[in-house]
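Undergrad: with the input below, show me the fold.
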Amino acid sequence: MWVFGYASLIWRQEFIHTEQHLTRVHGWHRALKMWSRVNRGTPERPGLVFALLPGGSCQGVVFRIPAAQAMQTLDLLWLREMPNQVYFPRYLNCPIGRGKVSALAFTLPKSSPSFTGTLSAAQYRSIFAQSTGRFGSTLDYAQQTLESLRRLGIEDRALKALLTYAA
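TA: Here you go, the predicted model:
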């Protein structure tokens, strides 16, 4: 089994894997456009988490899960990513050095009530300054993701630009 990570799954896997490869999926892009009312915010001050949205392309990491760990890993991923059934899990083609693999990814339909739509600079500033949930702040989450991407040699100009609102 393969899993595609595009944000916190890159820097906090919480599962055993035997291989990992940089990859780029086409037809999807990483965006800080999903409301978080528990992990990175509260119902009163919602935060944001990343979503994989239709269009463009996204560089990330694909992880190979050993067969003996597949069911346990799926259970862990469902507890982590799907407690509110917000994401739409799907398999995406991920090119790696020796061809392509089909990897589980967590995507977000734009029709979801958790999709933020377009946010203003002022909204991002407010969220970065005030939104914190059980796993920390939206700002810390975005900064950790950017740093993890940089360490892998992945440049995310959109995320870098968003983080200027936190300055």
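Undergrad: residue ranges for the strands of the chain, please.
TA: In the chain, the strands defined using DSSP state E lie at 2-5, 19-36, 47-64, 88-96, 99-107, 132-133, 136-137.
Undergrad: okay, those strands, which one's buried deepest?
TA: Highest mean neighbour count among the strands of the chain (mean count of other CB atoms under 10 Å): strand 2-5, with a mean of 23. The C-beta positions use only the backbone N, C-alpha and C, and glycine is treated the same way.
Undergrad: chain center to that one, what's the gap?
TA: 11 Å (CA atoms, centre = their mean, to the nearest Å).
Undergrad: can you list contacts of the worst-scoring helix or strand of the chain on mean pLDDT?
TA: Least confident helix or strand, the chain: helix 70-81 with a mean of 87, by mean pLDDT, DSSP states H and E. With contacts defined as CB atoms under 8 Å, 6 or more residues apart in numbering, helix 70-81 is touched by 1, 3, 14-16, 65, 87, 89, 104, 106.
Undergrad: can you redo these as a markdown table with pLDDT?
TA: Below are these laid out as a markdown table (pLDDT from 0 to 100):
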| residue | pLDDT |
| --- | --- |
| M1 | 96 |
| V3 | 96 |
| E14 | 88 |
| F15 | 91 |
| I16 | 92 |
| I65 | 96 |
| Y87 | 88 |
| P89 | 93 |
| L104 | 94 |
| F106 | 93 |
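Undergrad: most widely separated two among those?
TA: Distances among the contacts of helix 70-81 were taken as CB to CB; the most separated pair is I16 and Y87, at 21.8 Å.
Undergrad: so for the two, which sits in the more crowded spot?
TA: Y87 (18 against 13; other CB atoms under 10 Å).
Undergrad: how much space separates the more buried one from L108?
TA: 6 Å (CB to CB, to the nearest Å).
Undergrad: got phi/psi on the closest residue to P43 other than its chain neighbours?
TA: Counting by CB to CB, 6 or more residues apart in numbering, P43 lies nearest to R37, which is 4.9 Å off, once chain neighbours are set aside. Taking degrees, to the nearest 10, you get phi -110, psi 10 for the backbone angles of R37.
Undergrad: gap between A158 and Q59?
TA: Distance, A158 to Q59, using CB to CB: 12 Å.
Undergrad: no no, S36
TA: 23 Å.
Undergrad: do R37 as well
TA: 28 Å.
Undergrad: cheers, nothing more for now.
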